[in-house]
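K.L.:
prediction below, plus the sequence it came from.
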Amino acid sequence: MGVSFVRTVIVFFLLIGSIRIMGKRQLGELEPLELVVAVLISNLASQPLQDTGTPLIYGIVPVLTLLACQLLISALSVRSPDFRRVVSGKPSILIDNGVIVQSEMKKCRLSVDELYVELRINGVTDISQVRHAILETDGTLSVLPYAKFSPATPEELNISAPDGGLPVSVINEGRVMRENLDLLGKTEKWLMGEIRKRGASSPKEVYTMTVDSQGRIYYAMKEGKR
């Protein structure tokens with residue numbers, strides 16, 4: 001039992017390290033190369049866990065080899081667009097100037113119903129409003145509407161819209177984030193004043209509270225504390 005526990009912990013941290021090295025993008029939509037690596041790593045890592053008679057190194061070496069191959073191919077893909085197209089393919093234009101490109105739809109083996117679903121996910125219900133719809137290499141659909149159907153920006157409307165910057169968490173599930181308060185130049189006395197204005201007597205009653213560089217606050221009480 002103890003041997004299985006230790007082997008599992010070692011493989012677990014090995015996989016965590018491998019995913020971190022592969023990069024953050026691997027945590028989202030996977031391209032073909034990344035999907036293959038993820039499937040193979042999970043399969044190889046499971047073998048020494050299921051059979052304690054198999055030396056652990058037989059699982060570690062293949063995982064590290066796959067990781068090295070993935071990093072090498074990623075580096076080559078960055079250096080050579082042609083190599084990247086061979087490995088990952090290239091985006092497909094499914095809608096061009098409001099017209100569905102049926103040949104590309106067939107090539108991607110995508111039905112019209114599936115296209116409609118992806119458009120609705122992107123907030124579009126009328127194909128005639130779409131100038132371009134591009135199926136990316138990771139399987140996501142990028143929808144680019146005609147300019148007249150795009151939401152107007154504050155600049156186009158001649159409206160001043162100050163950027164609030166990135167909100168910083170000052171309370172996270174009842175815990176005061178003192179480092180973030182210092183970053184904002186705020187004190188705990190200020191924080192207590194703000195939460196009391198909103199009906200809380202202690203940070204422990206607050207689920208989350210953020211502040212941006214303009215001083216705008218997002219605040220939410222814990223359920224049952226309202």
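P.N.:
All right, it came through fine.
K.L.:
spatially nearest residue to Y218 (excluding sequence neighbours)?
P.N.:
T210 (4.7 Å; CB to CB, 6 or more residues apart in numbering). Any C-beta I mention is one placed from the backbone N, CA and C, and that applies to glycine too.
K.L.:
okay but that neighbour is in contact with L191, surely?
P.N.:
No - with contacts counted by CB atoms under 8 Å, T210 stays clear of L191, the gap being 11.9 Å.
K.L.:
domains in the protein, by residue range?
P.N.:
Using automatic domain parsing, the domain parsing of the chain gives 2-86, 92-149, 168-221.
K.L.:
hmm, back to that, please identify which of T210 and L191 sits among more neighbours.
P.N.:
Taking other CB atoms under 10 Å, T210 and L191 do not tie; L191 has more neighbours (21 against 18).
K.L.:
can I assume the more buried one sits in a strand?
P.N.:
No - counting by DSSP: H, G, I helix; E, B strand; the rest coil, L191 is located in no strand; its state is helix.
K.L.:
mind listing what it touches?
P.N.:
Contacts of L191 were listed using CB atoms under 8 Å, 6 or more residues apart in numbering, and they are V170, I171, V176, L181, P203, M209.
K.L.:
tell me the strands beside the host helix or strand of the first one, with direction?
P.N.:
Okay, so that is V170. In the assignment (DSSP states H and E), V170 maps to strand 168-172. As defined by DSSP bridges, the strand partners of strand 168-172 come to strand 175-176 (antiparallel), strand 206-211 (antiparallel).
K.L.:
just name the most buried of the ones you listed.
P.N.:
strand 206-211 (a mean of 20; mean count of other CB atoms under 10 Å).
K.L.:
report the rounded mean pLDDT for that strand.
P.N.:
Strand 206-211 shows an average pLDDT of 92 in the prediction.
K.L.:
now do the strands in this protein.
P.N.:
Ranges of strands in the chain, per DSSP state E, are 92-96, 99-100, 130-135, 141-145, 168-172, 175-176, 206-211, 217-221.
K.L.:
residues in contact with the first one?
P.N.:
Think strand 92-96. So strand 92-96 is in contact with 100-101, 104-105, 107-108, 110, 115, 127, 130-135, 141, going by CB under 8 Å, 6+ apart.
K.L.:
in it, what's buried?
P.N.:
Buried residues in strand 92-96, counted by 16 or more other CB atoms under 10 Å: S92, L94, I95.
K.L.:
between these, which sits nearest L71?
P.N.:
S92 (27.3 Å; CB to CB).
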